[in-house]
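Visitor: build me a model:
(4 chains)
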4 protein chains.
Amino acid sequence: MFKTQKDFTYLMPAHFGGGKFDPEAKLTQKSTALLIRYETDQKLLENYIPEGFELSAPEIQVAFNKFTEINWMQGGHYNLIDVSAPVRFNGKNEQLDGNYSLVVWENNTAPILGGREQTGIPKIFADIEDLHVLKPHYATTASYAGNTFLNMNFEATGELTGDEFEQAKAQSSSLNTIGWRYIPKIGAPGAELSQFILYPQGMEMETAQIGNARLKWTEMTPMQNPVQFHIINSLAALPIKRIINALFSEGSATLRAFGARILK
Amino acid sequence: MFKTQKDFTYLMPAHFGGGKFDPEAKLTQKSTALLIRYETDQKLLENYIPEGFELSAPEIQVAFNKFTEINWMQGGHYNLIDVSAPVRFNGKNEQLDGNYSLVVWENNTAPILGGREQTGIPKIFADIEDLHVLKPHYATTASYAGNTFLNMNFEATGELTGDEFEQAKAQSSSLNTIGWRYIPKIGAPGAELSQFILYPQGMEMETAQIGNARLKWTEMTPMQNPVQFHIINSLAALPIKRIINALFSEGSATLRAFGARILK
Amino acid sequence: MFKTQKDFTYLMPAHFGGGKFDPEAKLTQKSTALLIRYETDQKLLENYIPEGFELSAPEIQVAFNKFTEINWMQGGHYNLIDVSAPVRFNGKNEQLDGNYSLVVWENNTAPILGGREQTGIPKIFADIEDLHVLKPHYATTASYAGNTFLNMNFEATGELTGDEFEQAKAQSSSLNTIGWRYIPKIGAPGAELSQFILYPQGMEMETAQIGNARLKWTEMTPMQNPVQFHIINSLAALPIKRIINALFSEGSATLRAFGARILK
Amino acid sequence: MFKTQKDFTYLMPAHFGGGKFDPEAKLTQKSTALLIRYETDQKLLENYIPEGFELSAPEIQVAFNKFTEINWMQGGHYNLIDVSAPVRFNGKNEQLDGNYSLVVWENNTAPILGGREQTGIPKIFADIEDLHVLKPHYATTASYAGNTFLNMNFEATGELTGDEFEQAKAQSSSLNTIGWRYIPKIGAPGAELSQFILYPQGMEMETAQIGNARLKWTEMTPMQNPVQFHIINSLAALPIKRIINALFSEGSATLRAFGARILK
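Guide: Residues are numbered from 1 along each chain as shown, chains lettered A, B, ... in the order given. Predicted structure coming up:
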């Protein structure tokens, strides 16, 4: 009969075996990113920030990322769209600034499962196009069952160099990503597990370009997107007051596989 | 700021809202199923059955299902391949016969997330073809990133009628599906949550055909299927000693959305 | 060395062999169809009808079809969106009423190639969702590289019965589909081959429902849909003045594989 | 009514408009290629080489290519698997050495249609994975409807430098690709159009690595791959006697859009 091993960590299905818990294990990958940050309405955005946090600025950051040469996927690849807001966590024991993860769409289920269950990042599925690149134009599209809900367009205007590049590089090298791991009770309302999780991340930026950007959310009906329409429509209802920053960058990312911890 | 509501149930991301916990909520869908049950080696199969269960017979059931007109997906659809073994659960408080869910592949991430987090069914992703039907031949294929790991072939030899149909209908109308909900600790080995879950299911069978079947597992390298190869290779290593039963059926399925409970 | 056989017909690549030309060969398949016919502007529509035809009515018919159990695909399946207009062909030798095929999107390349090269139907690729069915609501979506360009919605209001059904059945049993087979010159402008082709088709309708329908074209930029944007934008610019007819039907279709002929 | 313009070239559907025939038009794209060349049996291979050619060597070349930043696709991308053999064309008017295109699989229908109809390259559809890269290992897979028919694996052993690189670069800079444009008669066996087409191609190689390679064809049943099984099984039956060359390279490709001509 199957028994778990004491020093192992598992994901469902556990009974086919897990992996040794190794605090030094590293996740490595190459990254091509398109990031757009915009100002929105503070009151509306706060509706989606849980108690215990305060919003640091009325801003939303939408980041497309294509990861390739991923070591834990044996060289595989996937795309994501990460939507987050800058927050301060005010816990009983600690205060911390970070990016609260509102939602992350990924076009591959494997990192979705690990991300949700191991680190509380609210990952869900979408089809996400590789960047279409007709320099200086870059574009991508996120859709679900054939229904487009997000278009991102970028026009590069210049390469970041010197101090500006060093600053962007420093900023992206260390990010406090915060997720809310929530597992429901069975047979009753409420949570069986509810934890805020800090997952430090960072990218080793190699090149970066700034530019002009457009971003368009399209509202969905329940029939078009039955399980995500409320998320998309919530985001679509937040006004895009002003694009603050738009950046295309390439580099690599190294994460500690088991580097997350519970915030208290 | 966002607050959860007391009588609601949530999935990540929780902060965009959940749904009222309604014990009477029903999940409905149409079902087209191809089921193949075969005898295998008892000792080898027991390696994947957790302590607390005993194997009722050295048998594996592989069931393809295409669900359509799914009410909670607003009329959407998906396919699955369900692999299970007949077990007896010997708990502290109860004994129960059921099908232990070894693994379920689905070609849609939405039911994967709910299935794992709400009922402990070990669902993972695969591409699963709709049935190719050239009567009396039926075939389907499961693959991951272009690499085929399962082929199912069926040749109908006759429709089930009379008592035989009534018996098959009765059997499929009530199934004790048992999953193992396992959520890992963060920053340490072992489980934060580990529960065996009973999720009673059933199908209202309308027509059924018996026939001859072939089923072929193909071993995968880590580079072909980085996160599932150990599951597939474990199943591929279990001998197919004899096909016990092969059935193609159509009907509908009604489930209580919150009808699962923890086994003790 | 490879030689073609006299009584064979071939598609590229020809050198791996073709099939015997059999005038009696039949293509069979099951069909689930959603058809929406609407009135538009005559002058605008005529821009896309070649000389030699006259428009019989300022109408466009958009038909979704899901074909399954396709014999020449060994039981496989695919979806299509067929856009046509009613025309009269005025040739040197003959006059004929039919449906001029403006464009057909299909989600499978195999029938696209045969359709273009063997019968001049202007088939191109799109992702086309299986119908989402939450009775009485039906919906589908066509997209390209994640960008939605067509939504079709239908609400059934009643089953066609009696004379009305017989009339619909008779109408769908024999259709004169007309395509324009156009193969360009190499190294020069103009056509190497330019022929109008009649391909008689028909469906054996088994059930039909009428209802209310909505249809929405979404304009595309070249970056969203580089090779089809001009087609989509042409169709999107044609006003939908009035829905004339909306029909959901199920049945089967039988075609003579080599039943097409050149119109003169 | 629609009329074609004299100096335009068209693809179906022609009535939505074509493009000006511009002999100087350039197709540009970035290329990531994995090429494996192997020795096979001369007699068997000759079965697939049409009369009028002679086989220059009993060799098959299988080349994976990922094209990105494609100008005529407005920055889009696609993957292909090109299978060819070295031949000499012995025509009435000319003799020419080149690569005869046996079959090309592509994962995007748009270049398939243009390739077939404009240049006679026998392109057909397959799902083709982006390279999985876990240096020095590279792998890709081609499949159809979930059934794997080709696996390519490469292990880089060293970068090409100096004269060796210059030689590889020179070789790839100018390739005589030869296709057979074949359009069938309608309503009768035989060809309406049958032409051998020369389409000069070339890649500007920027880096190249040599290495060890494995390539595996898997036979298909008609039910697994109804329209291509005879092609795949023909190739699978050709023995891989010896890998002659295996090369991973990156660079760009520039083609004259209308640079093809008919061989005579």
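Visitor: which ones are touching A:L44?
Guide: Applying C-beta atoms under 8 Å, 6 or more residues apart in numbering or on different chains to A:L44 gives the contacts A:237-239. (Each C-beta comes from the backbone N, C-alpha and C, glycine too.)
Visitor: redo that, cut-off 10 Å
Guide: With contacts taken as C-beta atoms under 10 Å, 6 or more residues apart in numbering or on different chains, A:L44 has the following neighbours: A:58, A:234, A:237-239.
Visitor: could you pull out the strands for the stretch 151-264 of chain A?
Guide: A:175-184, A:191-201, A:203-217, A:242-256, A:261-262 (DSSP state E, counting those that start in this stretch).
Visitor: now stretch A:178-189: buried residues?
Guide: In terms of neighbour count (16 or more other C-beta atoms under 10 Å in any protein chain shown), stretch A:178-189 has its buried residues at A:178-184, A:186, A:189.
Visitor: would you point out which residue is most central in chain A?
Guide: A:D82 (3.4 Å; C-alpha atoms, centre = their mean).
Visitor: that residue is in what secondary structure piece?
Guide: Counting by DSSP states H and E, the element that carries A:D82 is strand A:76-90.
Visitor: downstream of that strand, the next helix or strand is which one?
Guide: strand A:95-106.
Visitor: the strand holding A:D82 near chain B anywhere?
Guide: Yes. Strand A:76-90 is in contact with chain B by C-beta under 10 Å from any C-beta of the partner chain, via A:76-77, A:83.
Visitor: can you check stretch A:177-190 too?
Guide: Yes. Contact between stretch A:177-190 and chain B, assessed by C-beta under 10 Å from any C-beta, occurs at A:179-190.
Visitor: end to end, how far does that stretch reach?
Guide: 25 Å (C-alpha to C-alpha, to the nearest Å).
Visitor: ok, and what's touching stretch A:205-212?
Guide: Against stretch A:205-212 from outside (C-beta under 10 Å, 6+ apart): A:30-31, A:33-36, A:135-138, A:153-161, A:164-166, A:168-173, A:243, A:245-253.
Visitor: near chain C too, which of those residues?
Guide: Filtering the contacts of stretch A:205-212 for proximity to chain C by C-beta under 10 Å from any C-beta leaves A:137-138, A:153.
Visitor: so what's the residue count around A:K6?
Guide: By other C-beta atoms under 10 Å in any protein chain shown, 8 other residues sit near A:K6.
Visitor: quick check: phi and psi at the residue nearest to it when sequence neighbours are not counted.
Guide: Nearest residue to A:K6 in three dimensions, chain neighbours excluded: B:P189, at 6.7 Å (C-beta to C-beta, 6 or more residues apart in numbering or on different chains). Main-chain dihedrals, B:P189, degrees, to the nearest 10: phi -70, psi 170.
Visitor: would you reformat the contacts of A:L44 as CSV and include distance to B:P111, pLDDT and neighbour count?
Guide: Listed next are those as CSV, based on distance: C-beta to C-beta, whole Å; pLDDT from 0 to 100; neighbours: other C-beta atoms under 10 Å in any protein chain shown:
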residue, distance to B:P111, pLDDT, neighbour count
A:P58, 36, 98, 19
A:S234, 22, 98, 20
A:A237, 27, 98, 13
A:L238, 29, 98, 19
A:P239, 34, 98, 13
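Visitor: neighbour-wise, give me the winner out of the residues of strand A:76-90 next to chain B.
Guide: A:G76 (28 neighbours).
Visitor: and the pLDDT at that residue?
Guide: On pLDDT, A:G76 comes in at 98.
Visitor: so how far is chain B from the residue nearest to the centre of chain A?
Guide: Remark: distance between A:D82 and chain B (C-beta to the nearest C-beta, to the nearest Å) = 12 Å.
Visitor: now swap in A:S143 and tell me
Guide: 14 Å.
Visitor: same question, A:Y38
Guide: Distance of A:Y38 to chain B, given as C-beta to the nearest C-beta: 19 Å.
Visitor: list phi and psi for that residue.
Guide: Residue torsions, per degrees, to the nearest 10, at A:Y38 are phi -140, psi 160.
Visitor: list the beta-bridge partners for it.
Guide: Counting by DSSP bridges, A:Y38 is bridged to A:I60, A:I243.
Visitor: what about it, neighbour count?
Guide: 20.
Visitor: and if you look at the one 4 residues further on?
Guide: Other residues within reach of A:Q42, judged by other C-beta under 10 Å, total 11.
Visitor: just the buried ones among the contacts of stretch A:205-212, please.
Guide: Judged by 16+ other C-beta under 10 Å, buried ones among these: A:30-31, A:33-36, A:137-138, A:153-156, A:160, A:165, A:168-169, A:172, A:246-249, A:251, A:253.
Visitor: any stretches of the stretch 1-150 of chain A with poor pLDDT?
Guide: For the stretch 1-150 of chain A, no stretch has pLDDT under 70.
Visitor: name the residues of it found near chain D, please.
Guide: A:30, A:68-71, A:73-77, A:129-135, A:137-139.
Visitor: go again using 8 Å as the cut-off
Guide: A:68-69, A:71, A:73-77, A:130-135, A:137-139 (C-beta under 8 Å from any C-beta of the partner chain).
Visitor: just the buried ones from these?
Guide: Looks like the residues of the stretch 1-150 of chain A next to chain D have A:68-69, A:71, A:73-77, A:130-134, A:137-139 buried, using 16+ other C-beta under 10 Å.
Visitor: closest to D:Q5 among those?
Guide: Among these, A:L134 lies closest to D:Q5 (C-beta to C-beta), at 26.4 Å.
Visitor: residues contacting the nearest residue to that closest one once chain neighbours are set aside?
Guide: Distances taken as C-beta to C-beta, 6+ apart put D:G75 closest to A:L134, at 3.4 Å, once the chain neighbours are dropped. When contacts are counted by C-beta under 8 Å, 6+ apart, D:G75 touches A:131-134, A:137-139, C:223, C:226, D:69.
Visitor: and D:G75, its phi and psi?
Guide: According to degrees, to the nearest 10, D:G75 has phi 90, psi 0.
Visitor: quick one: it from A:E250, how far?
Guide: For D:G75, the distance to A:E250 (C-beta to C-beta, to the nearest Å) stands at 16 Å.
Visitor: and the residue of the stretch 101-250 of chain A found nearest chain D, bridged to which residues?
Guide: Proximity of the stretch 101-250 of chain A to chain D (C-beta to the nearest C-beta) peaks at A:L134, 3.4 Å away. Beta-bridge partners of A:L134, counted by DSSP bridges, are A:H137.
Visitor: wait, it sits on D:T68?
Guide: No. When contacts are counted by C-beta atoms under 8 Å, A:L134 is not listed as touching D:T68 (10.6 Å).
Visitor: so what sits against both of these two?
Guide: If you check A:L134 and D:T68 against C-beta under 8 Å, 6+ apart, no residue is contacted by both.
Visitor: ok, A:P122 - contacts?
Guide: A:P122 makes contact with A:101-104, A:116, A:179-180, B:12-14, according to C-beta under 8 Å, 6+ apart.
Visitor: right, I'll call it a day here.
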